[in-house]
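1. From the sequence below, what's the structure:
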Amino acid sequence: MGELRFVIRFLREHCPWMGALTHESLVEYLLEEAFEVAETIETGASSGAAGENHLDAMLKGELGDVLLQVVLHARLAEERGAFGFDDVARGLSAKMVRRNPHVFRPDGSLQDSFPATVEEIVQKWDAVKRAERPERQDPFEGIPLALPALARAQKSIDRAARAGVALPAGEPIPETEEELGELLLAVVRSAHASGFDAERALRGAVRNYQQQVPQHHQQR
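-> Presented below is the predicted three-dimensional model:
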């Protein structure tokens, strides 16, 4: 990491293109690199054992591209005296210790025993998050508005389910992820045939759902 940070520092000082980068101009690259990691993982999942070495090489490269974005953003912040990469790493370590009391004591040492179920872990994680931000009443606060509509819908439903509030009406239809994909594709095809924008329509539905749920949630 030290070598990488020196490389980025020198590029910022001596490469005009790299030196002109800003937090704002880097956003598109951060999103692109994250999607490329996801694509590498998803397309490589069906490659089998024969393609594992190739997948590992691709994944290593794509993760490096994501790490580059983190180091660049930290360098930009360091140049203006805000924070540096070490501060990011220390903050993340402290956050992981704080939000995982089922594994760590407050001083960072390991607990004597650990939970047996994922459900118990999720409950502890959510309890710590609520303690950190007791003023949060809206279960959807913090979900990025810039998320694609489908990802925002999934995140909203997950938050609602964990908060114990009402979910949108409807029953599960597909039994496999492949069937779900075909169903979603058919919905988009229907939207196209009717002249609708599927992304915009789902954004509106999620927005309406989020506006309705907190009212009921606060009355509980």
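
2. Can you tell me how far V88 is from R200?
-> 35 Å (CB to CB, to the nearest Å). For every residue, glycine as well, the C-beta is placed using N, CA and C.

3. quick one, which of those two is more surrounded?
-> Counted by other CB atoms under 10 Å, V88 and R200 do not tie: V88 has more neighbours, with 16 against 11.

4. Check the secondary structure at the closest residue to R159 other than its chain neighbours for me.
-> Among residues not flanking R159 along the chain, P139 sits closest, at 4.7 Å (CB to CB, 6 or more residues apart in numbering). Three-state call for P139 (DSSP: H, G, I helix; E, B strand; the rest coil): coil.

5. average pLDDT for the helix or strand containing Y209?
-> Assigned by DSSP states H and E, Y209 falls within helix 198-219. Average pLDDT, helix 198-219: 80.

6. What helices and strands are in contact with it?
-> helix 149-163, helix 177-194 (3 or more CB pairs under 8 Å, 6 or more residues apart in numbering; DSSP states H and E).

7. among those, which is nearest R207?
-> With CB to CB as the criterion, R207 lies closest to helix 149-163 of the helices and strands packed on helix 198-219, at 9.0 Å.

8. Run through who's touching the closest one.
-> 122, 126, 139-140, 143-145, 147, 166-168, 184, 198-200, 202-203, 205-206, 209-210, 213, 217 (CB atoms under 8 Å, 6 or more residues apart in numbering).

9. What residues of it count as buried?
-> A149, R152, A153, K155, S156, R159, A160, A163 (16 or more other CB atoms under 10 Å).

10. what's the nearest residue to the first one if we skip its chain neighbours?
-> In space, not counting the residues next to it along the chain, A149 is nearest to L202; the distance is 3.8 Å by CB to CB, 6+ apart.

11. how close does that neighbour get to V187?
-> From L202 across to V187, the span is 9 Å (CB to CB).

12. Which of those two has more residues huddled nearby?
-> Using other CB under 10 Å as the criterion, L202 and V187 rank with L202 on top: 18 against 13.

13. How much space separates that one from L150?
-> 6 Å.

14. Fine, thanks again, bye for now.
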